[in-house]
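In: this one's structure only:
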């Protein structure tokens, strides 16, 4: 999923009034008992994009989407898949193309209706529908009949516009033939080709159950009127001010959620959030701000409350292979030799590891022996001269403006590039602007970007970010617009291969080819450090979801709790 090198998500309550999406207050949550209760207070700098699981696709939104929505599968405390809304893992046909899921009985949406198999048929078709414009549609395109469905639905929309009617009044009976409701509680999914990542895909928020009647009732406003089966429901969303979630009384997991609710303050920067945390006004600081990191790690009061984990994320410079000067592989390699990645790591107080290539060390198939680039400015200058750029060149360097850490990283890169004659002018923009600009073909020459795993499989990096045959004009995940037919062929082979060991070997071959072609400057894999209050119980980082709030609780018997403001 798209991310920056230092995307943060922490969350609190501001008693302010502002217009936005709001629901009437319902009855108060049940009283707390031992090991249960309290409202978790958090803070974010800006509003998330959406709570619609078909739309949300960034590290800001997903932890909150998962408060409300669930999928058939989930992960245990590690990366092992376990049943979610399915009562057990699916049965799989001998050819690896058909999966049969049996749903848990008695699970209910927050509107009171029981969850049934046709809800998943509808929800996946909704993601595939071109009119939804879901960034997750590519994950489900391997479903049998998905492409024919998409073509038909696109024609529906075109015809509706021609006739000036809503598309709902001009809809063909086309369905995705590979999505079948066998009975009320049984779903069968048939694929065009075997895919070892399919079960991971069915654990993603894109695969969440969404009731048809909620979409009909709220339309485009579903993003702030979510109706799901998750542990919480949205009580209030005042854009730019706050979000409040409360315990879902209909949640099917006994004893969860343990919290009464989650309160999210929107606004303020990381410095303000850290001050609020240290005053006891926040319960969790999702990312320790860089200016406070050394102080916190050296403070005996706070250091025991720090949690850390190397996360499956790669920060990189995308070099647009369709725009000069990065059409020349020698220039791209020169960029890799020119940048001192160890110094970049020092700028963020060593919170990460230097990237050798595309895949993070936590990813299956990671190759510690990958041939990569050292810091060698002399070699960079030699390659630039060979490419006809002895005097260097000038290029804008796009970077998101709303995190000081990424600007500091970009400034260090700027200095290194200047040493070899490359003048990089920083172009700081909002995160949403950066995503849009870098996803447009022949638009951005050079940009600081990042990617976090959607699921723990190398295809989620290599296939999603580096397939040349998937380049599109807008909303392209391949921000380097890199295309190598050999790589595309190997990735297609790996996607069809059902031998797990052989498949990982193919991905290692792909990664080495990509590193040699250098469409990125491979920068670093960050370490995630969080800080929690002593009264917050059972907090631990998750290797896929980062945060799971349903098992947390606030210990009101803790002495520190009684000293809160």
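Out: That came through, no problem. Everything quoted here is computed from the prediction, not taken from an experiment.

In: So the nearest residue to residue 215 once chain neighbours are set aside versus residue 216, what's the distance?
Out: Nearest non-adjacent residue to residue 215, counting by CB to CB, 6 or more residues apart in numbering: residue 222, 5.7 Å away. For the C-beta atoms, the positions are set from N, CA and C on the backbone; glycine is no exception. According to CB to CB, to the nearest Å, residue 222 and residue 216 sit 10 Å apart.

In: Can you pick out the residue with more neighbours from those two?
Out: Between residue 222 and residue 216, counted using other CB atoms under 10 Å, residue 222 has the larger neighbour count: 20 against 10.

In: Pretty sure that one sits in a helix.
Out: Yes. Looking at residue 222 with DSSP: H, G, I helix; E, B strand; the rest coil, it is inside a helix.

In: How confident was the prediction at it?
Out: Turning to residue 222, the model gives it a pLDDT of 95.

In: before we move on, back to that, got a list of what the residue nearest to residue 215 touches?
Out: For residue 222, the contacting residues are 52, 210, 214, 215, by CB atoms under 8 Å, 6 or more residues apart in numbering.

In: Run through the chain and note the low-pLDDT ranges.
Out: Where the chain drops to pLDDT under 70, the residues are 1-35, 159-173, 403, 559-565.

In: Domain boundaries for it, per the record?
Out: Each structural domain of the chain that the record assigns through automatic domain parsing is listed here as a residue range: 1-67+230-283+533-565, 70-219, 313-526.

In: Serialize those to TSV and add fields for distance to residue 306.
Out: Compiled in TSV, the domains of the chain are given as follows (distance: least, CB to CB, whole Å):
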stretch	distance to residue 306
domain 1-67+230-283+533-565	11
domain 70-219	19
domain 313-526	11
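
In: Looking at those domains, spot the one closest to residue 307.
Out: Of all the domains of the chain, it is domain 1-67+230-283+533-565 that lies closest to residue 307, at 5.3 Å by CB to CB.

In: Run through the helices of the stretch 301-450 of the chain in chain order.
Out: Counting by DSSP state H, counting those that start in this stretch, the stretch 301-450 of the chain forms helices over residues 329-338, 341-347, 377-386, 404-419, 431-438, given from the N-terminal end onward.

In: List the strands paired with the longest strand along the chain, with their directions.
Out: For the chain, the strand that runs over the most residues, judged by DSSP state E, is strand 520-532. Here strand 520-532 is paired, per DSSP bridges, with strand 284-285 (antiparallel), strand 306-310 (antiparallel), strand 313-319 (antiparallel), strand 352-354 (antiparallel).

In: Among those, which comes closest to residue 174?
Out: Within those, the stretch nearest residue 174 is strand 313-319; the backing value is 37.0 Å (CB to CB).

In: any idea how far that closest one is from the chain center?
Out: Going by CA atoms, centre = their mean, to the nearest Å, the spacing between the C-alpha centre of strand 313-319 and its chain's C-alpha centre is 15 Å.

In: repeat for stretch 422-431
Out: How far stretch 422-431 lies from its chain's middle: 24 Å, per CA atoms, centre = their mean.

In: So what touches that stretch?
Out: Residues from elsewhere that reach stretch 422-431 (CB under 8 Å, 6+ apart): 4, 335, 338, 384, 392-402, 407, 410-411, 413-414, 417-418, 437, 446.

In: Flag every buried residue along it.
Out: With burial defined by 16 or more other CB atoms under 10 Å, the residues of stretch 422-431 counted as buried are 422, 424, 427, 429, 431.

In: distance of the second one from residue 66?
Out: Right, residue 424. On the measure of CB to CB, residue 424 and residue 66 end up 38 Å apart.

In: hmm, back to that, the contacts of residue 222: which two are farthest apart?
Out: Of all pairs drawn from the contacts of residue 222, the one with the largest separation by CB to CB is 52 and 214; the distance is 10.0 Å.

In: Counting neighbours around each, name which of those two comes out higher.
Out: When neighbours are counted by other CB under 10 Å, residue 52 comes out ahead of the other of residue 52 and residue 214, with 27 against 19.

In: What are the phi and psi values at the more buried one?
Out: Here is the backbone geometry of residue 52 (degrees, to the nearest 10): phi -80, psi 120.

In: now do residue 535
Out: Torsion angles at residue 535 (phi, psi; degrees, to the nearest 10) stand at phi -90, psi -10.

In: would you list the helices of the stretch 301-450 of the chain in JSON lines and tack on distance to residue 495?
Out: As requested, these are exported to JSON lines (distance: least, CB to CB, whole Å):
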{"stretch": "helix 329-338", "distance to residue 495": "26"}
{"stretch": "helix 341-347", "distance to residue 495": "31"}
{"stretch": "helix 377-386", "distance to residue 495": "34"}
{"stretch": "helix 404-419", "distance to residue 495": "33"}
{"stretch": "helix 431-438", "distance to residue 495": "25"}
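
In: Check those helices for me and report the most buried one.
Out: Across the helices of the stretch 301-450 of the chain, the average number of neighbours (mean count of other CB atoms under 10 Å) peaks for helix 329-338, which reaches a mean of 23.

In: Now find how far off-centre that helix is within its chain.
Out: Between the centre of helix 329-338 and the centre of its host chain there is 29 Å, according to CA atoms, centre = their mean.

In: same question, stretch 396-411
Out: Taking CA atoms, centre = their mean, one finds the center of stretch 396-411 at 20 Å from the center of the full chain.

In: so how far does it reach from one end to the other?
Out: Length of stretch 396-411, first residue to last, CA to CA, to the nearest Å: 12 Å.

In: hmm, who's touching that stretch?
Out: 4-8, 45-46, 270, 290, 315, 317, 344, 347-348, 413-414, 424-431, 434, 437-438, 444-448, 523.

In: Distance check, the residue nearest to residue 129 when sequence neighbours are not counted against residue 476.
Out: Among residues not flanking residue 129 along the chain, residue 153 sits closest, at 5.0 Å (CB to CB, 6+ apart). According to CB to CB, residue 153 and residue 476 sit 21 Å apart.

In: Mind checking which of the two has more residues around it?
Out: Just comparing residue 153 and residue 476: by other CB under 10 Å the higher neighbour count belongs to residue 153, 21 against 17.

In: got a list of what the more buried one touches?
Out: 128, 129, 130, 131, 172, 174.

In: Where does it sit: helix, strand or coil?
Out: Secondary structure of residue 153, reduced to three states by three-state DSSP: helix.

In: again, but for residue 233
Out: The three-state assignment at residue 233 reads strand, by three-state DSSP.

In: how about it, what does it touch?
Out: The contact partners of residue 233, by CB under 8 Å, 6+ apart, come to 68, 110, 226, 245, 246, 248.

In: Residue 488 too?
Out: Shown in contact with residue 488 (CB under 8 Å, 6+ apart): 467, 468, 469.

In: The first one and residue 461: what is the separation?
Out: Translated: residue 467. Here the distance between residue 467 and residue 461 works out to 11 Å (CB to CB).

In: out of those two, which sits in the more crowded spot?
Out: Neighbours of residue 467 and residue 461, each counted by other CB under 10 Å, are more numerous for residue 461; the result is 26 against 22.

In: From residue 542, how far out is the more buried one?
Out: Distance from residue 461 to residue 542, counting by CB to CB: 19 Å.

In: Next: residue 408.
Out: Residue 408 sits 28 Å away from residue 542 when distances are taken as CB to CB.

In: Just the buried residues of stretch 212-226, please?
Out: For stretch 212-226, burial by neighbour count (16+ other CB under 10 Å) applies to 214, 215, 218, 222, 223, 224, 225, 226.

In: farthest pair in the residues you listed?
Out: When the buried residues of stretch 212-226 are compared pair by pair using CB to CB, the two farthest from each other are 215 and 224, 13.3 Å apart.

In: Got phi/psi on the residue lying closest to residue 113 once chain neighbours are set aside?
Out: What sits nearest to residue 113 in space, not counting adjacent residues and going by CB to CB, 6+ apart, is residue 211, at 6.3 Å. Residue 211 adopts backbone torsions of phi -70, psi 140, taken as degrees, to the nearest 10.
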